[in-house]
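K.L.:
sequence and predicted structure below; questions after.
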Amino acid sequence: LLNLTTNNKVSENNKLPPGPYTINNILGNFIWLRKPLAELEHIIHELHVKYGPIITIYIGFRPSIFVANRSLAHKALVQNGAVFADRPTPPPTDAVISSNQHNISSAYYGPTWRLFRHDISSEIFHPSRVKSYSHARKWVLDILLNRLDSQSKSGKHIIVNEDFKYSMFCLLVLVCFGDKLEETQIKKIEEVHHRLLLSLGRFNILNFWPGIGRIVFRKRWEELFQIRRNLDAVLRPLVEARRKVRLERQSKVKEDKIVMVMMSLLCQEKWKLSEEEMVSLCTEFLIAGTDTTSTVLEWIMANMVKYPQIQERHFVEIKGVVGDGEKEVKEEDLNKMPYLKAVVLEGLRRHPPGHFVLPHSMTEDVVLDGHLVPKNATLNFMVAEMGRDPKRFLNGDGKGEVFDIRGIKEIKMMPFGAGRRICPGSRFAMLHLEYFVSNLVSNFAWKAVDGDEVDLSEKLEFTVAMKNPLKAHLSPRLSMVKRLFSVAVEDYNS
Ligand code: HEM
């Protein structure tokens, strides 16, 4: 019925979207596999200019189709969401970390994915639940402000990216395990995840002819298994401890409902997870949420430093909402700040942490824009390119319609993806971005380092990060009373 009504029916006339390689050749595959991702993005852009908004290349042994057009993305992901919501079989190295697709991002579009996704959306990312982690956000904000404050006292500039990453990581650890862990414990968990992220690129080659690769690249495989063992070693004790707490609390169901965190969810009988699988889901949660959010935070603050008028306008907005003398911007204040929301959206539009979404695949052969999109292909979307449309997100008076980041009616940009596989943490991430940006501006005046302009060039790490990390001078903001007092003291002294 869907095929008939949307004209997606495959006929013999439908061919793969155009592209440079129409036959699946081994040499071609190898060339693509050896290209760094950043270079690949540039080449795919050039191919779109030459062949149009939907193209095919061969990466690995199957056709890879790329879409660069927002309305085509909407047609696929939103209007025909179910057909385009599958994931390709992950490469063998991914299976080691994801415990054979026992996580949300790599699971096929089927009952396991539906169960994970439904529960995590309703129990962890539901607006009321997201609100209930406000104590965690305040705790982490205080850690971050204290770190920045003590560094700012030295009078030297600060490089903030490690502090941002650490804060986001602490926040997610708290939402994952429900306890304030010791700093040494958090550091250990962070270290193994960091090591995993750093090594991911090196493991790509293992997926090319994995059979032979197991012999030729024996040491690198061993390195991957060692990372998996390290993850197990730091996370399993926490998983076991949480399981115990849950057993002890079984008679007090209500209490457990209040402290619903990721681990409570994983321990549910219906999920039937082994400890190894729980570790994989925790790792996915921590990895998916940390670098993505902290990178965008750094990009937004970099723009605030480079364009002081944006920082000033937001500071005036803060003063209009929280009042003088009050430094903390509370979560309930955020909805009264349309300019802040526009700044965060603009940050996501210009600097999405992923320039592509995760690879999609199709549940059946289907037609998109007159082209065949076969079941065995992978499909991806040019997120960064789509966002470079020069539209802005603030309506004239700042009080108009709220911008829909999920792109249900129309996709204007898609930093979180769109449709059924849209990032389930998008609301959570947006709240964190707004809360941290606003409090960072409210507590400190951010200034560029003399002679060292903010450089907005990009570098591909796990996310697309700043090539030259943000450096800034931070000076604590004073309230009006304190400001008048310090001027009076200065006058008196002089
Ligand atoms: C600024 C922050 C973030 C950005 C820009 C972002 C972006 C994305 C994107 C582009 C996808 C792929 C969508 C697709 O394949 O079509 C995704 C998937 C996902 N994200 Fe996020 N994300 C962010 C934060 C988070 C956070 C905080 C979490 C959780 C703690 C999270 C968890 C996930 C998961 C589990 C998936 C897989 C969804 C699925 O396959 O069904 N993300 N995200």
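P.N.:
Noted; the coordinates are in hand. Everything quoted here is computed from the prediction, not taken from an experiment. Numbering: from 1, shown residues only.
K.L.:
spell out which parts of this structure neighbour the ligand.
P.N.:
Within the chain, the positions near the ligand by Cβ under 6 Å from any ligand atom are 104-105, 117, 172, 284-285, 288-289, 292-293, 296, 352-354, 357-358, 415-417, 421-425, 428-429. Bear in mind the C-beta positions are built from the backbone N, C-alpha and C, glycine included.
K.L.:
and C176, how far is that from L198?
P.N.:
Per Cβ to Cβ, to the nearest Å, C176 is found 21 Å from L198.
K.L.:
isn't D163 right next to L144, touching?
P.N.:
Yes. Taking Cβ atoms under 8 Å as the definition, D163 is a contact partner of L144 at 6.1 Å.
K.L.:
which residues does the residue of the stretch 201-350 of the chain found nearest the ligand contact?
P.N.:
The shortest separation between the stretch 201-350 of the chain and the ligand is 2.9 Å, found at G289 (distances taken as Cβ to the nearest ligand atom). The contact partners of G289, by Cβ atoms under 8 Å, 6 or more residues apart in numbering, come to 168, 172, 425, 428-429.
K.L.:
please apply the same query to F164.
P.N.:
Here F164 is in contact with 144, 294, 297-298, 436 (criterion: Cβ under 8 Å, 6+ apart).
K.L.:
ok but it is inside a helix, no?
P.N.:
Yes. Residue assignment for F164, taken from DSSP: H, G, I helix; E, B strand; the rest coil, places it within a helix.
K.L.:
show me which of C176 and L198 is the more surrounded one.
P.N.:
Summary of the neighbour comparison: C176 and L198, criterion other Cβ atoms under 10 Å, with C176 having more neighbours (25 against 12).
K.L.:
helix or strand right after the host helix or strand of the more buried one?
P.N.:
Assigned by DSSP states H and E, C176 belongs to helix 161-177. Helices and strands here follow DSSP H and E; after helix 161-177, the next one along the chain is helix 183-203.
K.L.:
tilt between that next one and helix 161-177?
P.N.:
For the pair helix 183-203 and helix 161-177, the angle between their directions (axes from the mean of the first three to the mean of the last three Cα atoms, to 10 degrees) equals 100 degrees.
K.L.:
show me what helix 183-203 is packed against.
P.N.:
Under the contact definition 3 or more Cβ pairs under 8 Å, 6 or more residues apart in numbering; DSSP states H and E, helix 183-203 sits against helix 161-177, helix 218-248, helix 275-306.
K.L.:
mind listing what's buried in the second one?
P.N.:
It stands for helix 218-248. Of the residues in helix 218-248, those buried under the neighbour-count criterion (16 or more other Cβ atoms under 10 Å) are 220-221, 224, 227-228, 230-232, 234-235, 238-239, 242, 245.
K.L.:
and of those, the nearest to N69?
P.N.:
Taking Cβ to Cβ as the measure, N69 sits nearest to L224 out of the buried residues of helix 218-248, at 37.1 Å.
K.L.:
and the gap between the most centrally placed residue in the chain and L358?
P.N.:
For the chain, the residue lying nearest the average C-alpha position, counting by Cα atoms, centre = their mean, turns out to be T292 (3.3 Å). With distances taken as Cβ to Cβ, T292 is found 12 Å from L358.
K.L.:
same check on S426?
P.N.:
If you measure S426 against L358 using Cβ to Cβ, the figure is 14 Å.
K.L.:
ditto for Y108
P.N.:
Counting by Cβ to Cβ, the gap from Y108 to L358 is 13 Å.
K.L.:
please enumerate the shared neighbours of these two.
P.N.:
Jointly contacting Y108 and L358 under the rule Cβ under 8 Å, 6+ apart are R87.
K.L.:
on that earlier part again, would you turn the buried residues of helix 218-248 into CSV with pLDDT?
P.N.:
Output for these, formatted as CSV (pLDDT from 0 to 100):
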residue, pLDDT
R220, 92
W221, 93
L224, 94
I227, 95
R228, 94
N230, 95
L231, 94
D232, 94
V234, 94
L235, 93
L238, 88
V239, 86
R242, 79
V245, 74
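K.L.:
and the two most separated of the residues you listed?
P.N.:
For the buried residues of helix 218-248, the farthest-apart pair by Cβ to Cβ is R220 and V245; their separation is 38.4 Å.
K.L.:
if we can go back for a sec, would you mark the buried spots in the helix holding C176?
P.N.:
Applying a neighbour-count criterion of 16+ other Cβ under 10 Å, one finds 161, 163-177 buried in helix 161-177.
K.L.:
now for those, which pair is the farthest apart?
P.N.:
Pairwise over the buried residues of helix 161-177, using Cβ to Cβ, the maximum falls at N161 and F177, 24.4 Å.
K.L.:
now the helices for the stretch 51-200 of the chain?
P.N.:
Taking DSSP state H, counting those that start in this stretch as the criterion, the stretch 51-200 of the chain carries its helices at 70-74, 92-98, 111-123, 127-132, 134-152, 161-177, 183-203.
K.L.:
need the ones you listed in JSON lines (columns: mean pLDDT).
P.N.:
Written out in JSON lines, the entries for those read as follows (pLDDT from 0 to 100):
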{"stretch": "helix 70-74", "mean pLDDT": "95"}
{"stretch": "helix 92-98", "mean pLDDT": "89"}
{"stretch": "helix 111-123", "mean pLDDT": "90"}
{"stretch": "helix 127-132", "mean pLDDT": "86"}
{"stretch": "helix 134-152", "mean pLDDT": "93"}
{"stretch": "helix 161-177", "mean pLDDT": "93"}
{"stretch": "helix 183-203", "mean pLDDT": "90"}
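K.L.:
so which of those helices is the most surrounded?
P.N.:
helix 161-177 (a mean of 22; mean count of other Cβ atoms under 10 Å).
K.L.:
alpha carbons of that helix, as PDB, please.
P.N.:
The C-alpha atoms that make up helix 161-177 are tabulated as PDB, following Å, rounded to 0.1, in the frame of the first residue of the first chain:
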ATOM      1  CA  ASN A 161      38.000  21.400  25.700                       C
ATOM      2  CA  GLU A 162      39.200  18.900  28.300                       C
ATOM      3  CA  ASP A 163      37.100  20.600  31.000                       C
ATOM      4  CA  PHE A 164      34.000  20.600  28.700                       C
ATOM      5  CA  LYS A 165      34.500  16.900  27.900                       C
ATOM      6  CA  TYR A 166      35.100  15.900  31.500                       C
ATOM      7  CA  SER A 167      32.000  17.700  32.700                       C
ATOM      8  CA  MET A 168      29.700  16.100  30.000                       C
ATOM      9  CA  PHE A 169      31.200  12.700  30.900                       C
ATOM     10  CA  CYS A 170      30.500  13.200  34.600                       C
ATOM     11  CA  LEU A 171      27.000  14.100  33.800                       C
ATOM     12  CA  LEU A 172      26.400  11.000  31.700                       C
ATOM     13  CA  VAL A 173      28.100   8.700  34.300                       C
ATOM     14  CA  LEU A 174      25.700  10.000  36.800                       C
ATOM     15  CA  VAL A 175      22.600   9.500  34.600                       C
ATOM     16  CA  CYS A 176      24.000   6.100  33.700                       C
ATOM     17  CA  PHE A 177      24.800   4.700  37.200                       C
END
